[in-house]
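A.B. asks: all I have is the shape, not the residue letters:
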């Protein structure tokens with residue numbers, strides 16, 4: 001009886017915690033212009049383990065917007081022993097996301113929750129970039145501080161990312177792997193937590 005009582009007390013669910021998080025705005029190439037997405041990740045803590053987490057909600061109360069991310073839908077990765085969970089797919093119907101105060105609420109499978117506020121006031125300071133590859137040459141139109149080429153093979157599998165030193169030149173000067181078939185341009189403005197990502201173009 002003593003052993004059973006001890007186990008029933010020790011297996012109570014703990015309240016989860018959002019210890020840290022970040023928001024990053026990414027513009028994607030759309031038919032009528034750039035489309036905004038948030039990349040939103042948190043560092044969760046739950047004494048019963050990460051597998052005990054169930055749902056992550058993301059709110060913009062002023063605009064009455066809500067996004068729900070289930071545990072089988074969110075992305076996760078680990079850096080320096082710390083696990084991050086989140087999504088790169090927070091978007092609005094009109095293609096533009098609100099700014100200001102956001103609220104994240106994390107639930108575990110026992111129904112316990114924890115919430116934390118986040119503020120995003122970043123703005124895009126540069127026009128959407130362009131990349132053209134033809135006749136063995138490439139030309140990049142970008143005012144963004146950092147420009148990278150994201151390469152894929154003929155099956156659409158990611159190969160690697162390469163920093164661009166010159167906005168024009170011969171494709172051969174980029175020294176891309178022979179397996180690279182298509183590429184997209186990824187630009188970053190780290191000071192304002194913003195990026196842009198073009199559609200892929202053929203390298204050959």
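C.D. replies: Received, thanks. This structure is a prediction, so every number in the text was calculated from the model and none was measured.
A.B. asks: buried set for stretch 159-175?
C.D. replies: Judged by neighbour count (16 or more other CB atoms under 10 Å), stretch 159-175 contains these buried residues: 159, 162, 164, 171, 174. For glycine as for every other residue, the C-beta is placed from the backbone atoms N, C-alpha and C.
A.B. asks: ugh, wrong one, stretch 40-49
C.D. replies: 40, 41, 42, 43, 44, 45, 46, 48.
A.B. asks: next one: it to chain centre, how far?
C.D. replies: Relative to the centre of its chain, stretch 40-49 is centred 17 Å away, using CA atoms, centre = their mean, to the nearest Å.
A.B. asks: how long is that stretch end to end?
C.D. replies: End-to-end distance of stretch 40-49 (CA to CA, to the nearest Å): 21 Å.
A.B. asks: contacts for it?
C.D. replies: If you take CB atoms under 8 Å, 6 or more residues apart in numbering as the criterion, stretch 40-49 is touched by 13-14, 16-24, 50, 52-53, 56, 58, 75, 82-87, 90, 104, 106, 108, 110, 116.
A.B. asks: among these, name the ones in strands.
C.D. replies: Among these, the ones falling in strands (DSSP state E) are 17-24, 53, 56, 58, 75, 82-87, 90, 104, 106, 108, 116.
A.B. asks: per-domain residue ranges of this structure.
C.D. replies: For the chain, automatic domain parsing gives the domain ranges 13-120, 130-202.
A.B. asks: now the ones you listed in JSON lines, with mean pLDDT?
C.D. replies: Formatted as JSON lines, these follow (pLDDT from 0 to 100):
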{"stretch": "domain 13-120", "mean pLDDT": "94"}
{"stretch": "domain 130-202", "mean pLDDT": "96"}
